[in-house]
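Visitor: Quick one, structure for this:
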Amino acid sequence: MDIPHARRLDEEVDSLSFSRWQRSVVIAASAALALAMAATPAQAGHDKPAVPAGPKLAKQLVKDVTLDNTHRHLRALQRIADTNGGTRAANTRGYDASVDYVAGKLRGAGFRVTTPSFDYEEEVADAEVATVAGVDYLLVKMALSPLTPVGGITGELALVPQDADPACTMDDFAGQDFTGTIALIRRGGCSFEIKQLNAYAAGAVAVVVMNNVPGARFVGTLGNEASAHLPTGTVSQVDGNTLVGLAGTTTTVDLRSHNENRTTRNVIAETRTGRTDNVVMAGAHLDSEVLGPGINDNGTGTAALLETALQLGGRPKVNNAVRFAWWGAEELGLLGSEAYVAGLDFEEQLDIALYLNFDMIGSPNHGYFIYDGDDSDGVGAGPGPFGSGHIEQTFAGFLSAIGVQTEGTDFTGRSDYGPFIAVGIPSGGLFTGGDGVKTAAQAAKWGGTAGITYDPCYHIACDNLGNVNRPVLERNTDAVAWAVGVYGTSTEDVNGVPPRSARAAARAASARTAAAAPHSHGAVA
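Guide: Numbers count the residues shown, from 1 in each chain. Model prediction:
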């Protein structure tokens, strides 16, 4: 190949209006898939499929970002957790060490790095216990669970039948009077929110959810405050099996807590080049749940974003400044991203062209999900702010081109894009599934096991290095790098702001047109 000619072609692609390219990327994906058989050499012996046509920066980042380097960051996070009590949760030594690791790497790569602190209120347990026949069993209060009064709530322990999806439909409560009872429900088959709502509709006064996998404790959430009606706690698999044999026994559930003031930090890093009034922002939460090291949730998003940033470098040739964020206290309610967005005035919000979010992108029983920016699935929440649908198509086009089928996932507000879309900032991102259940159709399409959650170690201690699907993480990391490169070059399809080269070309064309036009120096008779 004529290398200088190839370089000119790359430069011409960079100078085009990227609205045309981004609109055609999905159409081009099927053609690019045929080219994917010719693998591009990558570091450490890994072969990567050919990427679709697009910006030079995006192609270079995909080439440079490798699974080996990304996995090294995961190993660092695991080691940090192992030497700090098994956790990287907010306001712990493990989290502080995680901040220092990420910030240190970014400073070494030349970024402008800050670690702004923010205050928040942390829930501290006063009582988390189920007392049955005089024996106390440790409960873990679910996020958003209502509190019990002092002394707890008492009722008969009533077992919901343990079928494949216990308490996921009201049929599971038929044939038994659950009025005034403590509903005992096995984990699995649907969300905790649905289980608790059905128990509430059946007349229960509290819920105990038993783990369906080994492990001492696990943390769940009731989804949102509007859905949270009953005090709900979780018990281990071992304790749950014991409680099954005690069904019908009078039981007291005591779940109480109070809030205390805490301070933690985000990590913010921005390139030293590019437009600062059209910033491309990408983020991942850095904290884990308190019960484990959080390697899939969210070491995977953290590591992919960090390696992309390091390969981009702090002084890249970009049209738009790129700002990376690692959020603190996400597991406590998106607190880091909420504090950040709340601290921006309207003009500072307007300076952010778009936001990309990466939370759990290596789940072991994975799906390949993209946030449904245009609400084309018609499920749950409506579309994101204008431009979010274009972001969705950028991810879909790339993943399709490397042979990956994808599905949309609703903007549920359960991750750090929530504060951004609330103020109108176009957003998108990737997700491989958490406590949702994989369907048979998804297992046929992606592999894995139907009927169990995408991440069986979600929010428990086994979310460690062995809980990551490496090929899935590699493909999603490539997609992270691709999107950062695309939007570092141009955000025209998202918000109408063309790259500098396109603006300069338009001005030059306008000048040539004006120079060629005939001039009149006097009145026409």
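
Visitor: so Asp171, which of the three states?
Guide: Taking DSSP: H, G, I helix; E, B strand; the rest coil as the rule, one finds Asp171 in the helix state.

Visitor: count of neighbours near it?
Guide: 10 (other C-beta atoms under 10 Å). Bear in mind the C-beta positions are built from the backbone N, C-alpha and C, glycine included.

Visitor: And the pLDDT at it?
Guide: Looking at Asp171, its pLDDT reads 97.

Visitor: neighbours around Ala164, how many?
Guide: 9.

Visitor: Apart from its neighbours in sequence, what residue is nearest it?
Guide: The spatially closest residue to Ala164, leaving aside those adjacent along the chain, is Gly189, at 5.9 Å (C-beta to C-beta, 6 or more residues apart in numbering).

Visitor: isn't that neighbour right up against Pro161?
Guide: No. Contact criterion C-beta atoms under 8 Å: Gly189 and Pro161 do not qualify, at 11.6 Å.

Visitor: ok, the two, which is more surrounded?
Guide: The neighbour count for Gly189 versus Pro161, taken as other C-beta under 10 Å, is higher for Gly189 (21 against 14).

Visitor: Phi, psi for the more buried one please.
Guide: Phi and psi for Gly189, reported as degrees, to the nearest 10, are phi 90, psi -30.

Visitor: Select the longest helix from this structure.
Guide: helix 470-489 (DSSP state H).

Visitor: Now that helix: average pLDDT?
Guide: 98.

Visitor: which parts of the helix or strand that that helix is followed by are buried?
Guide: Next along the chain after helix 470-489, taking DSSP states H and E as the criterion, comes helix 492-495. Neighbour-count burial for helix 492-495 flags Glu492, Asp493, Val494, Asn495 (criterion: 16 or more other C-beta atoms under 10 Å).

Visitor: And the strands in the stretch 151-300 of the chain?
Guide: 153-159, 182-186, 206-210, 232-235, 250-265, 267-270, 275-285 (DSSP state E, counting those that start in this stretch).

Visitor: In a markdown table: these, plus mean pLDDT, distance to Val423 and mean neighbour count.
Guide: Output for the strands of the stretch 151-300 of the chain, formatted as a markdown table (pLDDT from 0 to 100; distance: least, C-beta to C-beta, whole Å; neighbours: other C-beta atoms under 10 Å):
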| stretch | mean pLDDT | distance to Val423 | mean neighbour count |
| --- | --- | --- | --- |
| strand 153-159 | 98 | 39 | 19 |
| strand 182-186 | 98 | 38 | 27 |
| strand 206-210 | 97 | 35 | 27 |
| strand 232-235 | 97 | 32 | 26 |
| strand 250-265 | 97 | 22 | 17 |
| strand 267-270 | 98 | 17 | 23 |
| strand 275-285 | 98 | 12 | 23 |
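
Visitor: May I see those organised as TSV, with distance to Leu350 added?
Guide: Below are the strands of the stretch 151-300 of the chain laid out as TSV (distance: least, C-beta to C-beta, whole Å):
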stretch	distance to Leu350
strand 153-159	49
strand 182-186	47
strand 206-210	44
strand 232-235	41
strand 250-265	26
strand 267-270	16
strand 275-285	8
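
Visitor: Can you check which of these gets nearest to Arg112?
Guide: Set against Arg112 and scored by C-beta to C-beta, the strands of the stretch 151-300 of the chain come closest in strand 267-270, at 4.9 Å.

Visitor: my read: Asp119 touches Thr263, true?
Guide: Yes. Taking contacts as C-beta under 8 Å, Asp119 lies within contact range of Thr263: 5.3 Å.

Visitor: quick one: the longest helix of the chain to chain centroid distance?
Guide: On the basis of C-alpha atoms, centre = their mean, to the nearest Å, helix 470-489 is displaced by 14 Å from the centre of the chain it belongs to.

Visitor: Now do the buried residues in that helix.
Guide: Residues 472-489 are the ones in helix 470-489 that count as buried (16+ other C-beta under 10 Å).

Visitor: Export that helix to CSV, keeping only CA atoms.
Guide: Written as CSV, here are the backbone C-alpha positions of helix 470-489 (Å, rounded to 0.1, in the frame of the first residue of the first chain):
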residue,chain,number,x,y,z
ARG,A,470,-12.5,-11.4,29.9
PRO,A,471,-13.6,-11.6,26.3
VAL,A,472,-16.7,-9.5,27.1
LEU,A,473,-14.6,-7.0,28.9
GLU,A,474,-12.2,-6.7,26.0
ARG,A,475,-14.9,-6.0,23.4
ASN,A,476,-16.5,-3.4,25.6
THR,A,477,-13.2,-1.8,26.4
ASP,A,478,-12.7,-1.5,22.7
ALA,A,479,-16.1,0.2,22.4
VAL,A,480,-15.2,2.6,25.2
ALA,A,481,-12.0,3.6,23.4
TRP,A,482,-13.9,3.9,20.1
ALA,A,483,-16.5,6.3,21.5
VAL,A,484,-14.0,8.5,23.2
GLY,A,485,-12.0,8.7,20.0
VAL,A,486,-15.1,9.5,17.9
TYR,A,487,-16.4,12.2,20.2
GLY,A,488,-12.9,13.6,20.9
THR,A,489,-12.9,14.3,17.1
